[in-house]
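Chemist: any chance you can model this:
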Amino acid sequence: MILLAVLAGIVAGCITGLTPGLHVNLVAALILSVSLYVTVPAPVATVFVLAMSIVHTFVDAIPALLFGVPDPSFALLPQHRLLHKGLGYEAIKLLTLGGVMGSCCALLLLPFLIVLSYVLEFVTVVLPFIVLGVLVVMIAVDGNKMISLPIVFAAGALGFLVLESVTEPLFVLFTGLFGISGLLLALVSSTSIPRQRISSMMLSRKRDRPVLLLSTLCASCCTMLPGVGSAMAAFLVQRLTRKSSFVSYLLAVGAINTVGALAAMVLWFVVLKARTGALLVVDQFARPSAIMTLVLVVIISVSIGAVLTLTIAKYFLRVLRSSWQSSVCVVLLLLLVALTGLLSGTRGLLALVAASCLGVVTIILGARRSLLMSCLILPLSLRALA
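Modeler: Numbering: from 1, shown residues only. So this is what the prediction gives:
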């Protein structure tokens, strides 16, 4: 039964990963609703959500790369640059390889993650200062503070308003800031995607591999801090490895996404602190009886999730045509707007418009999109200090 739940979670993770707007949190909430009418064994629900969360971090690299592809002038991310050169599959492979190797590092550092969970729980009083300190560092090292400061304050103000007045505020904020904004620019630019080449694995070099360890540590620390996530971890790794190659960057991003999910699970398992909506749902059921249960779920999910990601990406890239890019973007936009209206109503739609505008402005100005995470950092930190 447990193994079937893991496999079902892997399938669900593929579906949520490939469908922008269909987040793991929504599926987990649906399971909680179903459990009110149908008895769902606690271990089954737990391993299902854990496997789904892990596989989602692998598969969601595919729509992030293919849907809402920006014009080359806006293609600031290495994966989009590779896509415009016909090397999109190489980007997917590096992201997937980073996720697998990052997971291995996280499992090897599991004792460290457990200790870190207890340490962060012990220093809860100073956590708001640590989180704000990370944001200050991001602004301080930014090349154009005249742009970064207004974006940070605008995102923070938007976060204050949305968190206090909108149902499903995280869905609305992230959909607007990071989802719809990219889709809108892709529609306007009408960029043409070249034919993609499916080639052999681009192996990382030895000098790229230390980045994985650094990514694991940064992702673990950032994920366990409230309001700080993978975007912040990616920024820190990028600043600490400024002379590294795009290979290192993509390995790091792949590792950060998956390790972030693993670190959140460890924190929930050890000190009962849920940092994601999916884990909040799982917490309504029960924790696994042993840490080895978590380890086995991770090993199975990472192994199968990586293979599925490469297989699905290869298919999508082979049938990719620029002619249907605009149609896909329109369908995704309509889907995201409909989900927002269904989950958050009129207020949610208004907040979605504001978040989308801020996201578009951030991209056009060439600012770091990780600064938009201040929509959570400022409200949560100031609320804790108050």
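
Chemist: in terms of helices and strands, where is the residue nearest the centre of the chain?
Modeler: Geometric centre of the chain, nearest residue: Asn257, 5.7 Å, by CA atoms, centre = their mean. Take DSSP states H and E as the rule and Asn257 turns out to sit in helix 246-271.

Chemist: packing partners of the helix or strand immediately after that helix in the chain?
Modeler: Sequence-wise, the next helix or strand downstream of helix 246-271 (DSSP H and E) is helix 277-282. Applying 3 or more CB pairs under 8 Å, 6 or more residues apart in numbering; DSSP states H and E, we find helix 277-282 packed against helix 24-35, helix 42-59, helix 246-271. The C-beta positions use only the backbone N, C-alpha and C, and glycine is treated the same way.

Chemist: show the average pLDDT along the last one.
Modeler: Taken as a whole, helix 246-271 has an average pLDDT of 78.

Chemist: returning to what we had before: doesn't His56 make contact with the residue nearest to the centre of the chain?
Modeler: No: contact criterion CB atoms under 8 Å: Asn257 and His56 do not qualify, at 9.2 Å.

Chemist: CA atoms of stretch 158-174 as CSV?
Modeler: Extracted in CSV, the C-alpha atoms of stretch 158-174 (Å, rounded to 0.1, in the frame of the first residue of the first chain):
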residue,chain,number,x,y,z
LEU,A,158,1.7,44.2,-2.0
GLY,A,159,2.5,41.3,0.3
PHE,A,160,1.1,43.1,3.3
LEU,A,161,-2.2,43.8,1.5
VAL,A,162,-2.6,40.4,-0.1
LEU,A,163,-1.7,38.3,3.0
GLU,A,164,-4.3,40.2,5.1
SER,A,165,-7.2,40.3,2.6
VAL,A,166,-7.1,37.5,0.1
THR,A,167,-7.9,33.8,0.2
GLU,A,168,-5.0,31.6,-0.9
PRO,A,169,-2.6,34.6,-0.9
LEU,A,170,0.6,32.7,-1.8
PHE,A,171,-1.0,31.2,-4.9
VAL,A,172,-2.1,34.7,-6.0
LEU,A,173,1.3,36.4,-5.3
PHE,A,174,3.5,33.7,-6.9
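
Chemist: would you mark the buried spots in it?
Modeler: 158-159, 161-163, 166, 168-174 (16 or more other CB atoms under 10 Å).

Chemist: repeat for stretch 97-107
Modeler: Residues of stretch 97-107 classed as buried by neighbour count (16+ other CB under 10 Å): Leu97, Gly98, Gly99, Val100, Met101, Gly102, Ser103, Cys105, Ala106, Leu107.

Chemist: helix or strand for the last one, which one?
Modeler: Taking DSSP H and E as the criterion, Leu107 maps to helix 88-108.

Chemist: got the angle for the helix or strand following that helix vs helix 246-271?
Modeler: As assigned by DSSP H and E, the chain's next helix or strand after helix 88-108 is helix 110-122. Interaxial angle, helix 110-122 versus helix 246-271 (axes from the mean of the first three to the mean of the last three CA atoms, to 10 degrees): 60 degrees.

Chemist: which helices and strands sit right next to helix 110-122?
Modeler: helix 210-224, helix 246-271.

Chemist: again, only using 6 Å
Modeler: Here helix 110-122 touches helix 246-271, going by 3 or more CB pairs under 6 Å, 6 or more residues apart in numbering; DSSP states H and E.

Chemist: I'd like the mean pLDDT over the helix holding Leu107, please.
Modeler: Helix 88-108 shows a mean pLDDT of 85.

Chemist: which other helices and strands contact it?
Modeler: Contact analysis of helix 88-108 by 3+ CB pairs under 6 Å, 6+ apart lists helix 61-66, helix 78-84, helix 210-224, helix 246-271, helix 291-319 as its packing neighbours.

Chemist: now the helix or strand encompassing Leu173, how far from the centre of its chain.
Modeler: Leu173 belongs to helix 169-174 when assigned by DSSP H and E. For helix 169-174, the gap between its own C-alpha mean and the chain's C-alpha mean amounts to 13 Å (CA atoms, centre = their mean, to the nearest Å).

Chemist: what does that helix rub up against?
Modeler: Defining contact as CB atoms under 6 Å, 6 or more residues apart in numbering, one finds that helix 169-174 is touched by Val162, Leu163, Val166, Thr340, Ser344, Gly348, Ala351, Leu352, Ala355, Cys375.
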